[in-house]
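> Model the structure of this input:
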Amino acid sequence: MILGIFHLAFSNVAMPDVLWGLQGRQEPLYTATRTAYGQQIRRITSLTLVRRGAMTPAQYDRTVSDIVNFLAYLSRPYTLESERIGRWMIGLLVLLTVLAYLLKREYWKDVH
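The predicted structure follows:
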């Protein structure tokens, strides 16, 4: 029974690993170091694959990448449309800036 995953940033987190059947079971490799005060600290240096899963590491990385990209798309499905509209708006603002500059030059040509 797997209680949780070994998280590199938060050592005491017991999150369920929902993809463990695809990835396999991993266990951390620790190294012991001493601080300047003599206190011993165990740090996780890497994770080793103890039991293989249904996928190879390359297949698993590709699957997780696809899932993350899909969830990023679901968070803002209108991103592509807003980028397209943004390009048109930048072009419109550049055109209006040029027209405003030409109008200013026309009005102020008699003053200079």
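
> Run the chain-centre distance for stretch 99-109.
Chain-centre distance of stretch 99-109: 47 Å, with CA atoms, centre = their mean, to the nearest Å.

> any weak-confidence spans in the chain?
1-9, 11-12, 112 (pLDDT under 70).

> which residues in the chain form strands?
24-34, 40-52 (DSSP state E).

> Quick one, which of the ones you listed gets closest to Arg62.
Closest to Arg62 of the strands of the chain, according to CB to CB: strand 24-34, at 15.5 Å. Where you see a C-beta, it was placed from the backbone N, CA and C, and this is true even at glycine.

> For the closest one, name the packing helices and strands.
When contacts are defined as 3 or more CB pairs under 8 Å, 6 or more residues apart in numbering; DSSP states H and E, strand 24-34 sits against strand 40-52.

> Could you pull out the buried residues of the strand it packs on?
Buried residues in strand 40-52, counting neighbours by 16 or more other CB atoms under 10 Å, are absent.

> how close does the one residue sitting closest to the centre of the chain get to Arg62?
By CA atoms, centre = their mean, the chain has its centre lying nearest to Val68, at 8.4 Å. As judged by CB to CB, to the nearest Å, Val68 and Arg62 stand 11 Å apart.

> next one: Thr79
Distance from Thr79 to Arg62, by CB to CB: 22 Å.

> what's around the nearest residue to Ile41 once chain neighbours are set aside, how many residues?
With CB to CB, 6 or more residues apart in numbering as the criterion, Ile41 has its nearest non-adjacent residue at 5.5 Å, and that residue is Thr33. Thr33: 10 surrounding residues under other CB atoms under 10 Å.

> which residues does Thr33 contact?
Neighbouring residues of Thr33 by CB atoms under 8 Å, 6 or more residues apart in numbering: Gln40, Ile41, Arg43.
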